[in-house]
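# Based on what follows, work out the 3D shape:
(one chain, ligands or ions: 1)
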Amino acid sequence: MIGTHSAGGAHRAPYPVPFLCAPTLCLAALLLLLPGCQWFTEPPMHKPDPHSYSNPHETRVDSLHLSLKVDFDTHTLSGTADWFPVAGHASKLILDTYGLDIHSVAGDGESLPFQLGAHDALLGQSLEISLLRPTKRVRIHYSTRQGARALQWLDASQTEGKKHPYLFTQSQAILARSWIPCMDSPGQRFRYTAEVEVPPGLLALMSAENPTETRADGRYTFRMNQPVPAYLMALAVGNLEFRSLGERTGVYAEPAMLDRAVHEFADMEQMLATTESLYGPYVWGRYDVLVLPPSFPFGGMENPRLTFATPTIITGDRSLVSLIAHELAHSWSGNLVTNATWDDFWLNEGFTVYVEMRIMEALYGPDYAAMLSAIAHADVSEEVKSLTASGKEGKTRLAANTAGEDPDDGVGPIAYDKGYHFLLLIEQTIGRPRWDAFLKAYFADHSFNSMHTEGFLARLDSLLSETEERRIGVQEWVYGTGLPMNCPPPNSGRFVAVDSALSRWRAGDSSALPAQLSDWSTHEWVYFLRQLNGRDSLSATFLDSRYGFTGTRNAEIGCVWYQWVIRSVPELSTSRALNSAVDDYVSQIGRRKFILPIYKALKESGQAERAVDFYKRARTNYHSLARHSVDALLGWPNP
Ligand SMILES: [Zn+2]
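Presented below is the predicted three-dimensional model:
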C-alpha cells in the first residue's frame, strides 16, 4: 500500500503538523509513544475546511439528484436538489449557498424548518436544515438569482455561431454553492444524477455521462456514478455538436468551431493511452472536451468526463495541446486524489503540471517538454520575485494558509510550478523507476479520496531515505518561502537556440531569425518575445511586419507581444492598429491569464484611463471570476 522504499524500521522525526485538528494530534502523539512503530501513513480523516459552513463530520449525504430548468430569459436555474441518504448523529444538515432563493425544504415529503445564515461576501450563507427525525432524503426547492457567480449567460451575439444563447458554469473553487445548495468543500464527495430542461434545439452537457445528440424536447438526463467533490459540478448549454476522436474520446463544440477543434485535438486518444501507461487505468469511462466560447475565464477546467476548454488553444498547429494534457492529468491528480482543502491546492496542481510534462514528453519528446518546463521555471521565478517585492513572501509557500481569503487567488505559479519543480526534484533525486512506482501506488491507494499536505508528506516519508530527504530539503520546499537553491534549473536546447538567434539578430544579422512565424512553435515565440528589452523597441515595426504579431489569432503570442509594446514601444502602442487590436483582444477573450496582464501593463505604464476605456466595453463578456480580478486591479466602482 505504501511506497517501495522502507525507512528500515527506525522511527524518524515527524514533520510539523501545523494544520492538524486536535484529535489527530492526539493520535499522532500516541503513535509516537509506541515502541518501534512506523510513522503513520494514512492521513487523518477530517480536516476542517475554512471555506465551508457544512457539517460533514456530523451529518453525511452521499448522493444528489438535481432537477433543474434553465431559463435564458431570466438568466436563472430553478428546481430541486435532493440529498440522500442522510446519515449521522446530528439533528441538522448544514449546506453552503451563495445568493440562492430557497423556497422550501422537505424531509421524506414532510416540510422541514430551515434557516439561512448571515451573508458573507466570500462564503455566502449557510443553509441550516433541522432534521426532526431520522430522514432518508432532503429535498430543497430553490432558484438561482441573476448574477449567480458560477454561471455565465451569453447572448447569441457572444457565441461563435451568433444564433443561440449559451450557458456555462465554473464551480471551482467555491462557486458551486451559487447554483447548487451543497457541501461545497473539496474534501466532500458525492455521486449525482440530474434532469435538466433547456430550450428546444440546445444541447445540455454535464460532468457526467453525456448525450451526443440534441433532443427536440430539450429534456436531458445525466448520471455520474463516481463520487466527485462539488467544485467538479458542471453544466453547459448551447448549440453544440459532438464528434468522436477515438474509442473513448471526443469533442463537443459549436458547429462553426467543430472542424478546427477536431484537427487540434487529434492526439487525444493517444494522450489518454499514454497517461494510462504511466499512472494506471483511466477510471472515468469517456474523456471528452467541450470547447467553450472565448469568454471562459480559464484555460481549461477538469470537469470529470468532460473537460471545459478555452478556444484560445485552437491555433491550427496543435502547439497548445499541453493544456489538454494538463486537464487529462487531473483525471488522476485532483479528480481521483483531491486536495482536502484549498490550503492543499498545490497537491492538485503541482502534481498535475508534473503529469502534464510527462505526457508531453512521452508524446512529443524530451526537447518539447523541456520548453514547457523552462516556461514553468520562468513563471515561478517571476512570481516569487514579484510576491517578495510586494511584501507577500508568505504567499510563496506550497502549504498555503487561505482562511479568510478567496481560494481562487491561489491559482498561480506557486501551486502549479513551484509544486511541479518540487516533484521534479524528487524524481531527479531518486530516479524515475522508484518515483513512478510511488506515484502509481499513490493514485491507486487514495482513489476517490482527499489528501492534505501532511498526509502526502507522511507517505513521502515512507519513500525517501533520510539522506534523500535532506538532499531534497522537503521541509523547506513545502513550508519555506521562495524558490529553494536546489530547484532544478531550466534546460531547454530549443530555447538556447532562440537565445543564440536573438543575440545574432541584435548584432545585425536579421537572417538569424526565422523567415516566417510557423518556423518556430508558439513556445519559442513566447520565449523570444519575453526576452525583448527596451533597446529592441527600435525593431518593433520590423518584427511586426515580418511576423504579423499585431492582430494575431494566437492568443499566447498576442498576450506577450501586446504587453511588451504597451510597456516598451510607446509609438507603436498608441497607433490606431495596435489600439484596435488590443481592444478586440480584451473584448473577445475572457481568459484571465491573458487579459489581466494586458490591463496591468496599461495601468503600470501610466495608461490606466485607456485600460478603463477597454474594460468598459469588455466587462459584460467576462465571467465573474475574471471580472473580480480586473475590478480589483483597476479599482472598478461597485464591483
Ligand atoms: Zn490544473
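# Now for the protein: which helix has the highest residue count?
Longest helix in the chain by number of residues (criterion: DSSP state H): helix 366-389.
# how about it: buried residues?
For helix 366-389, a neighbour-count test (16 or more other C-beta atoms under 10 Å) marks 368-381, 383-384, 387-388 as buried. Bear in mind the C-beta positions are built from the backbone N, C-alpha and C, glycine included.
# Next: stretch 454-465.
Buried, per 16+ other C-beta under 10 Å, within stretch 454-465: 454-464.
# sorry, back to before: please work out which residues outside the longest helix of the chain touch it.
The set of residues external to helix 366-389 that reach it, using C-beta atoms under 8 Å, 6 or more residues apart in numbering, is 322, 353, 356-358, 360-361, 393, 395-396, 412-414, 416-418, 420-421, 424, 481-483, 487-495, 521, 523-524, 526-527, 530.
# Identify, from the buried residues of stretch 454-465, the entry nearest to the ion.
For the buried residues of stretch 454-465, the closest approach to the ion (C-beta to the ion) belongs to Phe456, at 16.9 Å.
# Need the nearest residue in space to that closest one, chain neighbours excluded.
Computed as C-beta to C-beta, 6 or more residues apart in numbering, the closest residue to Phe456 that is not its neighbour in sequence is Leu347, at 5.9 Å.
# Please verify my assumption that the one you found contacts His452.
Yes: counting by C-beta atoms under 8 Å, His452 is a contact partner of Leu347 at 7.4 Å.
# Now do the shared contacts for the two.
Common neighbours of Leu347 and His452 (C-beta under 8 Å, 6+ apart) are Asn339.
# higher neighbour count, those two?
Leu347 (25 against 22; other C-beta atoms under 10 Å).
# Could you pull up the contacting residues of Pro396?
Heads up, residue 396 is Thr, not Pro. 383-384, 387-388, 414, 418, 481-483.
# Any chance of the backbone angles for it?
Phi and psi for Thr396, reported as degrees, to the nearest 10, are phi -100, psi 10.
# which helices and strands does the one helix or strand Tyr442 maps to pack with?
Here Tyr442, judged by DSSP states H and E, is contained in helix 432-445. Here helix 432-445 touches helix 268-279, helix 453-463, going by 3 or more C-beta pairs under 8 Å, 6 or more residues apart in numbering; DSSP states H and E.
# can you redo those helices as a markdown table with mean pLDDT and distance to the ion?
Shown next, in a markdown table, are the helices and strands packed on helix 432-445 (pLDDT from 0 to 100; distance: least, C-beta to the ion, whole Å):
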| stretch | mean pLDDT | distance to the ion |
| --- | --- | --- |
| helix 268-279 | 97 | 14 |
| helix 453-463 | 97 | 17 |
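# For Ala618, find the nearest of these.
Evaluated over the helices and strands packed on helix 432-445, closeness to Ala618 peaks at helix 268-279, with 31.5 Å, by C-beta to C-beta.
# helices or strands up against the closest one?
Applying 3+ C-beta pairs under 8 Å, 6+ apart, we find helix 268-279 packed against strand 249-253, strand 287-291, helix 322-329, helix 345-364, helix 432-445.
# wait, Leu175 sits on Gly147?
No: counting by C-beta under 8 Å, Leu175 does not reach Gly147; the two are 12.0 Å apart.
# Now do the shared contacts for the two.
What both Leu175 and Gly147 touch, as defined by C-beta under 8 Å, 6+ apart, is the set Ser624.
# These two: who's more crowded?
Leu175 (25 against 11).
# circling back: export the buried residues of stretch 454-465 to CSV and append columns for distance to Tyr53.
Shown next, in CSV, are the buried residues of stretch 454-465 (distance: C-beta to C-beta, whole Å):
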residue, distance to Tyr53
Glu454, 24
Gly455, 24
Phe456, 26
Leu457, 28
Ala458, 29
Arg459, 30
Leu460, 32
Asp461, 34
Ser462, 35
Leu463, 37
Leu464, 38
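# If you drop the residues flanking it in sequence, what lies closest to Ile557?
Counting by C-beta to C-beta, 6+ apart, the nearest residue to Ile557 once its immediate chain neighbours are dropped is Trp525, at 5.2 Å.
# My read is that the one you found contacts Gly558, right?
No: judged on C-beta under 8 Å, Trp525 makes no contact with Gly558 at a distance of 10.5 Å.
# hmm, back to that, residues contacting the residue nearest to Phe456?
Neighbouring residues of Leu347 by C-beta under 8 Å, 6+ apart: 333, 337, 339, 419, 451-453, 456.
# Against Phe614, how distant is it?
37 Å (C-beta to C-beta, to the nearest Å).
# now swap in Asp259 and tell me
Here the criterion is C-beta to C-beta. By it, Asp259 lies 31 Å from Phe614.
# Following element in sequence after the one helix or strand in the chain whose mean pLDDT sits lowest, please.
Least confident helix or strand of the chain, by mean pLDDT, DSSP states H and E, is helix 22-33 with a mean of 36. Downstream of helix 22-33, the first helix or strand assigned by DSSP H and E is strand 59-71.
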